[in-house]
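**Q** Quick one, structure for this:
(one chain, ligands or ions: 1)
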Amino acid sequence: MLLVPGLVLCATSESTWGQIPEMFDPAGPNAESVRSVFWLVLAVCTVIFIVVGGTILAFVIRFRERTIDAETEPPQFYGSQPIELAWTLAPALTVLMLALVVIRSVIELRTAPPMQHDQRVRVVGHQWWWEFEYPDYGFSTANELVIPVSEGDQRRSIHLQLESADVIHSFWVPRLAGKTDLIPAKTNEMWLAADQEGTYFGRCAEYCGTQHAKMLIRVDVVSEAAFVQWVEQQKKPAAWNQAVQTGHDRFMELACANCHTIRGTDARGRFGPDLTHLMSRHALASGIMENTQANLTRWIKNPNLDKAGCRMPNMRLSDEDVQAIVDYLLTLR
Ligand SMILES: [Cu+2]
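**A** Numbers count the residues shown, from 1 in each chain. Below you'll find the model as predicted:
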């Protein structure tokens, strides 16, 4: 039964960002230590399973009743100190050993390694999207985290400061790190580092409401040079383009500006994603669809079509308004 929602979840990510979470293929030290703990625990449990299951099976066969003889009972034994001691001590030692290993890994994962050039990102979980703020550079983006690769003498650890704007969420990018919850009124921290350039996918791992399944994360790990270039681009305010003046004006007049920020304009809302460089993102609304003109139009016409119950209302705009606003948004590169 549990498999069904699991398969549905996988199918959702398959159709949008094309991958299923892969904790068995780590791309960084943090995910690697999670994997080794997993294998160790699995190995120990497998040995226990074989010993216990095997003994039960052997005894069932060896001591099964061969002749039906209800009159006499088999011989009864009571109490055996060595046996009692053995079955108390062996599990206690096993549990202690596993606990020590897990505690060591947890401490390791909580405290960042002494790497240079640390990068800080503030992650805020919202129903149902991710805010990624880069406090060192003064800009904010959504759903797609861009970080520099950590290799050679350019070791980079990324510090995430995790917060929530509403309910509990959980940040999980399996190939880079284990999960950490985002809890209202509390700040959690974690770090990660990526050994290989590439794109890694994740998702919210704590049920947070109806569209929890559509709260995907994309992490782009890029070279140092590409990262610097990306930061420079993101730092700029929105480009000004007179050809889309109507769309710009409609955006400011309608409620859009109350929920969204576009740096360099009057739009300073913080409730929804920052749209200053909207078109630099690959997907819309936390990975539910590709960021294309057609999808943008569909989204603004009625966000509920693709993300029912999402926190952006259907504004019932006229087709001309939608068209004008989309033309404007397309210039936000
Ligand atoms: Cu969530």
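**Q** From now on I want contacts and neighbour counts done on CA atoms only, so please keep to that.
**A** Noted.
**Q** per-residue pLDDT, Thr246?
**A** Thr246 is assigned 94 on the pLDDT scale.
**Q** what do you get for Gln81?
**A** pLDDT at Gln81 comes out at 91.
**Q** ok, it - how many residues close by?
**A** 7 (other CA atoms under 10 Å).
**Q** Trp87 versus that one, what's the distance?
**A** Counting by CA to CA, to the nearest Å, the gap between Gln81 and Trp87 amounts to 10 Å.
**Q** and if you look at Gln229?
**A** Gln229 is 62 Å from Trp87, by CA to CA.
**Q** What residues does the stretch 151-300 of the chain have near the ion?
**A** Selection of the stretch 151-300 of the chain residues close to the ion by CA under 5 Å from the ion yields His169, Cys204, Cys208, His212.
**Q** What is the distance between the longest helix that the chain contains and the centre of its chain?
**A** In the chain, assigned by DSSP state H, the helix with the most residues is helix 29-62. The chain centre lies 28 Å from the centre of helix 29-62; the measure is CA atoms, centre = their mean, to the nearest Å.
**Q** And the helix or strand hosting Ala86, what's buried?
**A** Per DSSP states H and E, Ala86 falls inside helix 81-110. Neighbour-count burial for helix 81-110, with 16 or more other CA atoms under 10 Å as criterion, is recorded at Val102, Ser105, Leu109.
**Q** now stretch 283-295
**A** Ala283, Leu284, Ala285, Ser286, Gly287, Ile288, Met289, Glu290, Asn291, Asn295.
**Q** Check those and tell me the two furthest apart.
**A** By the measure CA to CA, Ser286 and Asn295 form the most distant pair in the buried residues of stretch 283-295, at 13.2 Å.
**Q** Would you map the helices across the stretch 101-250 of the chain?
**A** 224-235, 245-253 (DSSP state H, counting those that start in this stretch).
**Q** need the strands for the protein, in chain order.
**A** 119-126, 129-134, 139-142, 144-148, 158-164, 169-172, 180-182, 188-192, 198-204, 216-222, 283-284, 289-290 (DSSP state E).
**Q** Report the angle between the longest one and strand 144-148.
**A** To tie it back to what came earlier, the one meant is strand 119-126. Inter-element angle recorded for strand 119-126 and strand 144-148: 170 degrees (by axes from the mean of the first three to the mean of the last three CA atoms, to 10 degrees).
**Q** With that, I have no additional questions.
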